[in-house]
Structure formats: structure tokens, C-alpha cells
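K.L.:
No letters, just coordinates:
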């Protein structure tokens, strides 16, 4: 009797357990009972796992209202340009390993391949999105992860294309290891705070590689921004951190490595800017520190457009840029000390590693080019070198207090100084 | 003509000045490479040097050689040799010996620092090509000045002035014009103005290599077209060829008519 009771109770507990633990639902194109993801989502209980077997599923508007884990094994979801595909409205949802194609284009609604709304602790991982309008669109969500996704757009114009990854009123999101190309903005954050953006690649986008609007306290690290309209654009934001990123080959008349507009109390350090038309464009930004960055072979390394106060540009390397600095307005307590300038011509007699005469990073010719853009054709002309030299000796047009008082004699080795 | 070319060439090769010129480039090349070890950077520095120095030296050498060998030229004129062969032979002799000094003087240090494995051999060829063209153009211009001026001092003065004008003053005037008429569309004028000066033209070829990111900052469509593709380099080289042809043709013309 006692044995029988033990047996029954074990069976009972197993039964109970399997019920309260997660159930597995397998979706397969050849399986007649569950052949669509939509059906699987409808019949699933909270915390179930849906496994989607390989094949192409022509589905859209998959609305998820309970915590689910949806994992694909080589499955492709074809939205047939009808509209959105995954719409997540619940907490703790995982969407993993999917290939999503053909998101609808609309000029009234922002259709997205994966939309997350009012959700917490979601996980969007390893998905590939092609033929999209918007890729991953997060709204009013928290504590989620967007990791290792690949987004391939075909955008040509700003007005009829969407963004790769868009955040709107989101907090504490981790965006890591994603690859985004040829969309409007690679990654776009609006009113989103405390987000971490790490190790992403954003390439060939029509507008910006990464775009912040009214977002504070975000960090951007170890990412690559190549050949975008602007690598990173930060507007109306504060307390940001950018480090160890690479900005390169952002070419064009309005192309920047980093575009800062009304950005306060931000730190930009240990980044590499190479071959951009303008590496950093600054406007109306205060208390921003730029330290230990490398500016290599850019057209203009820093273009300060005015209304910038209390900024610090220290310990950077300026190497072979056509122009190191273009500056408008007064000095406004900005500091340009202790940098290494590859075209510094001074000497160091007391051998303390700091040049004995201060360096003027501004060339008169950069003003001429600013007023008469065609004059760029005289770059490196002997005549221009002569007028630059005479301006350096006795500044008339450039602010005479804009100098690096402690120019470094040797290229700064960032690892040692950090 | 070949005989006279050969004679001038050997004559110049044995002269002290050719050695000094050759040694100057040799030392410049070695010092630059010794100082920064980066062949790419050394080429950039050399480009800046070459567009200023090569025209200056070619001009001075050209005019000097013309006046120096004047008596010998008059002797040759008494012989039954075609005038064009005499003058073109002499001219080619001097420009080839100058180009050779440049090529060997820069070639030795760069080859010994591993130019062939560095992958920027194309840049080096452009550099030598530009130097070669500038030598041809400026020694031809100097020869023209010599042919038209019996007075040595005047000839020298004019030759130096010509160099100063094309290297510095031209850009100054041109830049002031651009700034004065900044409100008008100036793209085409700028391109035409550049093309009219061989030093500017060579500089553009260098800019296309070095400062392409800054050049693309300018919005103009004409510029973009010119600088964007290979068309810019190609057109520039064609115009350099034209620049070489015209002064040589002028030597030929003037020499034919001139009274000695």
C-alpha cells in the first residue's frame, strides 16, 4: 500500500511538474496539426517554448501576449510585405535564430520586423532581417537584450526608408554584437536612457550609423561605424559615454564621424577616427571631454561651430589631417592642451616631452576654405603655406588665445596613459 | 638630333651640378626614410618638395645650360645640321639628365628601404612621373626664355620670375579672385584656372592621393565628378602632356626663325 502511494505520488508530481514547467510545442511545415507559428502562439501557455523547424512560413502579425520562448531551427518567416511580423506585448519573450524577410512599407505606420511594446526582460537574439522597413522596434520597454542580429537593408533615400534598430522611451537595453547595413539610421534611440551599445557594426547607412535624440546616460563602446552619412549623431542628450569605437570613411559634404548638437557632460575617449571628411562636428555642446582619441587622415579633425563652452580636448593624437581644427567664435573656456599634433614644428630643449613653444592648431586657410569652399583646391600650395605661416607667427584672423600650451613631442601612447 | 642629344647628355652627366642634384635627392631620400621609416609618409613629404623644387632647379639648369653652351651652339649652327635637331637635341639632353638624377637619386634610397614589397609602388611611380613632367615643362620654358633673350641677366631674371609666378604668385592672385567673387558659381573657373598652371596641376594629382576626404567635403557636383573617379587623374595627366608639348613646339618654332 505504501509502495503504491509512493508510486502515485511520484507520478502525480511528475505530472504536476511537467504542467507547471514549460511545455515544448514544435511547429513544422510538414506537421499537419501545428504548421503555423501563429497557431502555435495561440495554443501555447505562458512560459512555453515554441520550436519552429526549418522551412518558409508566410505569416505576419504574430502578436505575442504571454511570456514565450520562440526558437527557430533555420526557419524563415516571410511577411509578404503585408505589415509587421512579430509584435511582442508581454514580458520575458525570447525570439531567437529567425530569418525574417519582406516587412511591409508604409508611409503612415512604421512597420517593423520585430516590435516590442511595453515589455520587460525580452531577448531578441541571432535573427537575420532582410527586405525591411524598420528592423527591430522597441517601445516603452525595459531591461531587454538585442544581441547578435543582422539587418540588411536596401535603403537609398531618407524619406522612404526605416531604421535598423529603433528604441523609443526605452531604458536599460543591451544592444550588442549587431550588424546593420544600408538602412536609414543603423541604430536610433529616442528618449532612451541607460542603454549599453557594445560591439556593433553599422555600415553604409543613408543617414546615421547610430543616432541619439533626447537620450541620456547611454554608453557606446567597441563599435564600428563605416561609410555612413554620419557615424554617430548625438543630439539634445547628456551624460553619454563613447569609447573604443572606430569611425572611418564617412565621406561627403555633410558627413561626420561624430556629430554633436546640444550635448552636455559627455565623455568621448579612446576612439579612432580615420579618413572622415569631418571627424567630429560640435555645436552648442558644453562640458564635453575628448581624451585619448586618434584622429588620422581626416579632412577636418574637429569642426567647432560655436556656442561650445568648457570643453576639454586633451591627450589626443592628431595625425596627418588636412585641417586639425576649424573654430568659430571665442575660446569660451575650451581647452586644447596636451595633444600631439603631427604638424607641430616646435622643439623641446629641456627634454621633458612637452614642446617649449605652444602650438596653434588653427590654420588661416581653414577660414578661407570655410568662406570660399572652392579654395580647397589650393590645399598644400606654397602660397597657402606662406600665409598660414605668417598667420601663425602673428595671428590676426584666428583667435590668438586658442593654443595648445603643452603640445606633446611624441605621439601619445594611449594604453600607458589610460 | 640623337648625336647632339647624346653629346649634351654626356656633357651634363659629367658636370658637377648633375652630381650635386643627384646627391641632393639621394640624401633627401635617405634622410626622410631614416627619420620616419614609413615609405608612405616619405612619399607624401617628397611630393611637397618635388612640386616646388623640381620646377626651380629645372628652370635654373635650363637657362644656365643654354647660355653656357651658346658658343658651342653657334659653332654647330655653322655646320650643315638642321636647327631643330640642334636645339631639341640640347633640350632633351638636359631634361633627360635632370630626370635621371631625380629617378636614380630617389630610386636608390626607396629601393633599399623595400619599395617593391610595400604596395605603394604606384604612388612612387606617380611621384616620379610628376617630377619627370615638371622637369620637361620647366626646362622647355627656360629654353624658350633663353632663345628670346640675348641678355643673360635679363634671361635669368625672367626665368626665376616665371618660377616664382607659377609657384607662388599665380596661386595668390587666383585665391584672391576666388575670395572676391565668392558669391558667384566658381567651380568651372577654379578647375580651368588650375589646369592653366602645371605646378597646380601636379599638386592636384597629389591632393587626389592625400586629401581626398577633405576634397569631398566640398559640395560642388563638378568637383565631385572630377575628383570622384579616375577621370580626374587621367585628365590631369593629359593636360600635363599638353603642357609639355606646347613649350617644346615653341622651341622648335623659335629656333627655326631666330637670327644668330
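P.N.:
Ah, there it is. Just so it is clear, the model here is predicted, and its values are computed rather than measured.
K.L.:
C-alpha from now on. contacts and neighbour counts both.
P.N.:
Fine.
K.L.:
pLDDT below threshold where in chain A?
P.N.:
Applying pLDDT under 70 to chain A flags the ranges A:1-22, A:31-32, A:415-418.
K.L.:
what residue is smack in the middle of it?
P.N.:
In chain A, the centroid-proximal residue (C-alpha atoms, centre = their mean) is residue A:210; its distance is 3.4 Å.
K.L.:
What residues are bridge-paired with that residue?
P.N.:
residue A:187, residue A:232 (DSSP bridges).
K.L.:
Distance of it relative to residue A:272?
P.N.:
16 Å (C-alpha to C-alpha, to the nearest Å).
K.L.:
any idea how far residue B:174 is from the residue nearest to the centre of chain A?
P.N.:
41 Å.
K.L.:
Repeat that for residue A:35.
P.N.:
On the measure of C-alpha to C-alpha, residue A:35 and residue B:174 end up 75 Å apart.
K.L.:
mind checking which helix or strand residue A:365 is in?
P.N.:
helix A:364-371 (DSSP states H and E).
K.L.:
Please apply the same query to residue B:86.
P.N.:
Residue B:86 belongs to helix B:83-112, assigned by DSSP H and E.
K.L.:
need the next SSE after that helix, C-terminal direction.
P.N.:
Next along from helix B:83-112, by DSSP H and E: helix B:121-148.
K.L.:
Give me the angle between that next one and helix B:83-112.
P.N.:
Between helix B:121-148 and helix B:83-112, the angle comes out at 150 degrees (axes from the mean of the first three to the mean of the last three C-alpha atoms, to 10 degrees).
K.L.:
Any regions of the stretch 151-260 of chain B where pLDDT drops low?
P.N.:
Looking at the stretch 151-260 of chain B by pLDDT under 70, you get B:210-225, B:227-229.
K.L.:
all helices for it, in order.
P.N.:
Along the stretch 151-260 of chain B, counting by DSSP state H, counting those that start in this stretch, helices occupy B:152-164, B:170-180, B:187-195, B:198-210, B:212-215, B:221-228, B:231-257.
K.L.:
of all those, which lies closest to residue A:178?
P.N.:
Nearest to residue A:178 among the helices of the stretch 151-260 of chain B is helix B:212-215; the distance by C-alpha to C-alpha comes to 27.6 Å.
K.L.:
chain center to stretch A:304-319, what's the gap?
P.N.:
Between the centre of stretch A:304-319 and the centre of its chain there are 22 Å (C-alpha atoms, centre = their mean, to the nearest Å).
K.L.:
Please, which helix or strand holds residue A:57?
P.N.:
strand A:55-58.
K.L.:
What lies in contact with that strand?
P.N.:
By C-alpha atoms under 8 Å, 6 or more residues apart in numbering or on different chains, the residues outside strand A:55-58 that reach it are A:28, A:29, A:36, A:37, A:74, A:75, A:76, A:77, A:78, A:79, A:80.
K.L.:
Nearest residue to the residue of the stretch 51-200 of chain B found nearest chain A in space, please, no chain neighbours.
P.N.:
Chain A sits closest to residue B:168 of the stretch 51-200 of chain B, with a gap of 5.0 Å, by C-alpha to the nearest C-alpha. Of all residues not flanking residue B:168 in the chain, residue A:383 sits nearest, at 5.0 Å (C-alpha to C-alpha, 6 or more residues apart in numbering or on different chains).
K.L.:
List phi and psi for that neighbour.
P.N.:
Backbone geometry at residue A:383, expressed as degrees, to the nearest 10, gives phi -60, psi -40.
K.L.:
okay, now residue B:230: neighbour count?
P.N.:
11 (other C-alpha atoms under 10 Å in any protein chain shown).
K.L.:
again, but for residue B:195
P.N.:
A total of 19 residues lie near residue B:195 under the criterion other C-alpha under 10 Å.
K.L.:
quick one: contacts for residue 87?
P.N.:
Going with chain A. Residue A:87 neighbours (C-alpha under 8 Å, 6+ apart): A:61, A:62, A:63, A:64, A:114, A:115, A:116, A:117.
K.L.:
not what I meant, chain B
P.N.:
B:251, B:252, B:255.
K.L.:
neighbouring contacts of the helix holding residue A:365?
P.N.:
So helix A:364-371 is contacted by A:323, A:326, A:375, A:376, A:384, A:387, A:388, A:391, A:397, A:398, B:179, B:182 (C-alpha under 8 Å, 6+ apart).
K.L.:
Settle this for me: residue A:151 is touching residue A:181, isn't it.
P.N.:
Yes: with contact defined as C-alpha atoms under 8 Å, residue A:151 reaches residue A:181; the gap is 6.4 Å.
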